[in-house]
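Enquirer: prediction below, plus the sequence it came from.
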Amino acid sequence: MQHSRGAPGQPRTVAYLYLAPALLVFGCFMAWPLLRAVWLSLFEWDGLSVGTWVGLGNYVDVLTDPQLRAPFVHSLVLVVFFSALPIVAGMVLAGLMSRARLRGSGFFRTVIFLPQVVAMVVVAIAWRDIYAPEGSINDALSAVGLDGLARAWLGEPSFALMAVGLVGTWVGTGLCMVLFLAGLAKVPRELYESATLDGAGPLRQFLAVGLPALRGELAVAMTLTLVAALRTFDLVYVMTDGGPGRSTRVPSYEVYRWSLEEGKVGYGVTIALLLTAAILLLTIGINRVAEGDRR
């Protein structure tokens with residue numbers, strides 16, 4: 001009995017039909033806006049009148065503008081608070097909670113992770129009140145007799161950026177902790193027992209057994225926190241509006257300022273594209289290193 005066979009290209013056609021909705025969504029909401037942004041970056045345009053073609057002039061201006069160097073340096077400072085400190089703190093908390101049987105650990109995890117599910121604007125408003133001259137921090141310092149340390153934390157250039165960064169540390173620690181707890185849960189208990197028999201202490205056990213198992217989770221945590229640090233806007237806009245002076249301006253804030261306040265949309269879009277390229281290169285680099293460690 002002869003069985004009917006479909007056309008040779010039929011499986012491929014069916015695959016294209018399944019992928020078509022996803023490709024359509026990607027094209028409408030990702031590819032087209034990106035291409036449109038690249039096109040706008042080639043014009044000097046105020047968003048209302050007819051734009052003037054400048055080619056790569058906006059890119060040259062952005063890369064040579066001395067006023068934009070400080071915002072990019074500020075973003076590197078925020079990387080320390082948004083990425084490095086949360087990763088270290090999350091790893092320490094995960095190491096302690098994975099080995100110790102503590103009562104109420106589930107509640108503790110929920111409390112640490114809670115900032116991740118709160119809107120960042122709400123977080124910014126709450127911390128702006130905490131940092132206020134009459135806020136909780138200064139009240140606590142006064143209560144313990146340290147009135148001399150009380151200050152307008154968001155009103156002094158030397159403290160404002162660090163104050164914003166500490167909020168990022170508070171938000172990101174819970175995410176890193178949960179990621180590392182998931183990675184440590186995959187480590188067989190027998191490995192810890194063997195390390196104990198070999199005379200390794202808790203710290204040595206974590207470095208020799210737990211840390212190597214966290215390479216994948218570490219790459220994910222670095223990617224998410226680095227992206228959060230480089231694209232942060234809502235915290236800066238709500239808490240300091242880029243001030244005092246220019247002490248807390250970051251690239252994403254410059255995109256908003258140049259595009260909407262200064263009326264130079266092409267210039268602002270160019271900053272956004274360069275920031276996107278930097279984030280993309282960092283993400284690719286982290287993934288390459290993580291893949292190389294797994295081989």
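Expert: Received, thanks.
Enquirer: count of neighbours near V227?
Expert: Residues lying near V227 (other Cβ atoms under 10 Å) number 16. All C-beta atoms are positioned from the backbone trio N, CA, C, and that covers glycine.
Enquirer: that one is in what secondary structure piece?
Expert: Using DSSP states H and E, V227 maps to helix 215-231.
Enquirer: contacts for that helix?
Expert: 75, 78-79, 81-83, 86-87, 90, 168, 171-172, 175-176, 179-180, 182-183, 251-252, 275, 278-279, 282-283, 286-287, 289-290, 293-294 (Cβ atoms under 8 Å, 6 or more residues apart in numbering).
Enquirer: those residues in helices, which ones?
Expert: Cross-referencing those against helices under DSSP state H gives 75, 78-79, 86-87, 90, 168, 171-172, 175-176, 179-180, 182-183, 251-252, 275, 278-279, 282-283, 286-287, 289-290, 293-294.
Enquirer: just the buried members of the residues you listed?
Expert: Neighbour counting over the ones in helices among the contacts of helix 215-231 (16 or more other Cβ atoms under 10 Å) leaves 75, 78-79, 86-87, 90, 168, 171-172, 175-176, 179-180, 183, 251-252, 275, 279, 282-283, 286, 290 as the buried ones.
Enquirer: for the closest residue to V77 other than its chain neighbours, what are its contacts?
Expert: Leaving aside its chain neighbours, V77 sits nearest to L161 (6.0 Å; criterion: Cβ to Cβ, 6 or more residues apart in numbering). By Cβ under 8 Å, 6+ apart, the contact set of L161 is 74, 77-78, 247-248.
Enquirer: roughly how far is the helix holding V227 from the heart of the chain?
Expert: 6 Å (Cα atoms, centre = their mean, to the nearest Å).
Enquirer: what do you get for stretch 36-49?
Expert: Put simply, stretch 36-49 sits 27 Å off its chain's centre (Cα atoms, centre = their mean).
Enquirer: start to end distance for that stretch?
Expert: Stretch 36-49 has an end-to-end distance of 17 Å (criterion: Cα to Cα, to the nearest Å).
Enquirer: ok, G47 touching Y267?
Expert: No: G47 is not in contact with Y267 according to Cβ atoms under 8 Å; the separation is 11.3 Å.
Enquirer: in contact with the closest residue to L175 other than its chain neighbours, which residues?
Expert: In space, and not counting its chain neighbours, L175 is closest to Q116: 5.3 Å by Cβ to Cβ, 6+ apart. Q116 sits next to 171, 174-175 when contact means Cβ under 8 Å, 6+ apart.
Enquirer: low-confidence ranges, the chain, go.
Expert: Within the chain, the stretches with pLDDT under 70 are 1-11, 14-16, 100-101, 292-295.
Enquirer: go ahead and flag the most central residue of it.
Expert: Residue closest to the average C-alpha location in the chain (Cα atoms, centre = their mean): A228, at 1.6 Å.
Enquirer: that residue and L184, how far apart?
Expert: 23 Å (Cβ to Cβ, to the nearest Å).
Enquirer: helix, strand or coil: sort out the residue nearest to L175 for me.
Expert: Applying DSSP: H, G, I helix; E, B strand; the rest coil to Q116 yields a three-state assignment of helix.
Enquirer: so which of the contacts of L161 wins on neighbours?
Expert: Ranked by neighbours (other Cβ under 10 Å), the contacts of L161 are led by T248, which has 27 neighbours.
Enquirer: which residues touch the nearest residue to that residue once chain neighbours are set aside?
Expert: Closest residue in space to T248, ignoring its immediate chain neighbours: T240 at 4.5 Å, by Cβ to Cβ, 6+ apart. T240 makes contact with 154, 160, 164, 247-248, according to Cβ under 8 Å, 6+ apart.
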